[in-house]
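[1] Got a predicted structure plus its sequence, pasted below:
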Amino acid sequence: MSEVHVIEHPLIQHKLTHIRDKSTGSKMFRELVEEVSTLLAYEVTRDLPLCDVEVETPVTKTESQVIAGKKLGIVPILRAGLGMVDGILKLIPAAKVGHVGLYRDPDTLEPVEYYCKMPADIENRELLVVDPMLATGGSAEAGIQFVKDRGGKNIKFVCLIAAPEGVERLQEAHPDVDIYTPAIDEKLNDHAYIVPGLGDAGDRLYGTK
Ligand code: PRP
Ligand code: URA
């Protein structure tokens with residue numbers, strides 16, 4: 001069974017409160033999502049392996065550490081996942097970015113794929129599949145399956161708000177994929193929106209509706 005990491009860092013919780021606030025407009029919403037994504041990237045990369053290298057400081061030569069050649073990839077689930085990419089790239093600028101285009105059919109609530117483009121060497125990368133919302137879990141389940149079908153192996157899922165239903169579904173469908181989230185909310189409502197949640201992440205990011 002995968003692990004669920006609830007990231008309770010005060011800066012993340014503070015910013016998430018403003019993201020939830022319905023009076024936060026699109027510009028601020030986008031900026032906050034980017035900032036929280038940078039902070040989440042710091043937590044999610046805690047276990048990256050290090051190796052020793054020699055470095056010459058202005059004073060002397062010494063042994064120091066760098067990340068051990070691990071290649072990373074970020075895979076946003078379009079469209080709302082895009083809002084998290086720049087924030088993560090700030091910390092991991094060498095990461096390659098793949099895209100999975102999915103939307104949730106409003107009637108069936110099932111995900112519909114419309115785009116998929118992955119880095120060529122996806123099988124050698126540690127991949128962060130990102131989407132602000134894990135609601136029923138259908139989109140994350142399908143998005144991660146597309147990544148696996150194209151060779152992705154080493155995957156973490158990163159979101160801003162999860163529902164218990166989505167966590168359970170994702171853990172069952174992909175027991176090898178750890179989940180990183182700052183919040184597990186109470187429940188889904190009758191329209192499969194997360195309660196209390198933040199509303200529609202894509203619409204709030206891009207000012208649509
Ligand atoms: C939202 C969100 C997730 C999905 C979560 O996307 O960004 O992808 O819903 O719901 P689920 O866990 O029940 O599948 P949406 O389908 O609204 O598309 P958008 O990103 O284009 O707005
Ligand atoms: N998608 C969203 O954007 N918000 C939710 O609460 C659920 C799915």
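    Arrived safely. Ligands and ions are numbered 1, 2, ... in the order given.
[2] What lies in contact with the helix or strand where Ile144 lies?
    Following DSSP states H and E, one finds Ile144 within helix 138-149. With CB atoms under 8 Å, 6 or more residues apart in numbering as the test, helix 138-149 has contacts from 75, 77, 98, 100, 102, 104, 109-111, 113, 116, 118, 122, 127, 129, 131, 134, 152, 155, 157, 159, 166, 169-170, 173-174, 177. Yep, even glycine has a C-beta here, placed from its N, CA and C like the rest.
[3] Just the buried positions in stretch 194-209, please.
    Buried residues in stretch 194-209, counted by 16 or more other CB atoms under 10 Å: Ile194, Gly197, Leu198, Gly199, Ala201, Gly202, Arg204, Leu205, Tyr206.
[4] again but with stretch 171-184, I slipped
    Quick answer for stretch 171-184 (16+ other CB under 10 Å): Gln171, Ala173, His174, Val177, Asp178, Ile179, Tyr180, Thr181, Pro182, Ala183, Ile184.
[5] Between those residues, which sits nearest Glu56?
    Within those, proximity to Glu56 (CB to CB) peaks at Tyr180, which comes in at 36.7 Å.
[6] Now list the buried members of the contacts of helix 138-149.
    75, 77, 98, 100, 102, 104, 111, 116, 118, 122, 127, 129, 131, 134, 152, 155, 157, 159, 166, 169-170, 173-174, 177.
[7] What parts of this protein come near ligand 2?
    Counting by CB under 6 Å from any ligand atom, the residues of the chain lying close to ligand 2 are Ala80, Met133, Ala135, Tyr193, Ile194, Gly197, Asp200, Ala201, Gly202.
[8] In helices only, show me these.
    Ala201, Gly202 (DSSP state H).
[9] Tell me which stretches of the chain form strands.
    4-6, 50-56, 61-67, 71-78, 96-97, 99-104, 111-117, 125-130, 133-134, 154-158, 161-162, 178-181, 187-188, 194-195 (DSSP state E).
[10] can I get those in CSV with mean pLDDT and distance to Val147?
    Below are these laid out as CSV (pLDDT from 0 to 100; distance: least, CB to CB, whole Å):
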stretch, mean pLDDT, distance to Val147
strand 4-6, 98, 19
strand 50-56, 97, 26
strand 61-67, 96, 22
strand 71-78, 96, 6
strand 96-97, 96, 12
strand 99-104, 90, 7
strand 111-117, 90, 9
strand 125-130, 97, 6
strand 133-134, 98, 15
strand 154-158, 97, 6
strand 161-162, 98, 19
strand 178-181, 98, 14
strand 187-188, 98, 24
strand 194-195, 98, 23
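[11] Same list, those, but as TSV with distance to ligand 1 please.
    As requested, these are arranged in TSV below (distance: least, CB to the nearest ligand atom, whole Å):
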stretch	distance to ligand 1
strand 4-6	15
strand 50-56	34
strand 61-67	29
strand 71-78	5
strand 96-97	16
strand 99-104	3
strand 111-117	6
strand 125-130	10
strand 133-134	4
strand 154-158	11
strand 161-162	9
strand 178-181	12
strand 187-188	8
strand 194-195	8
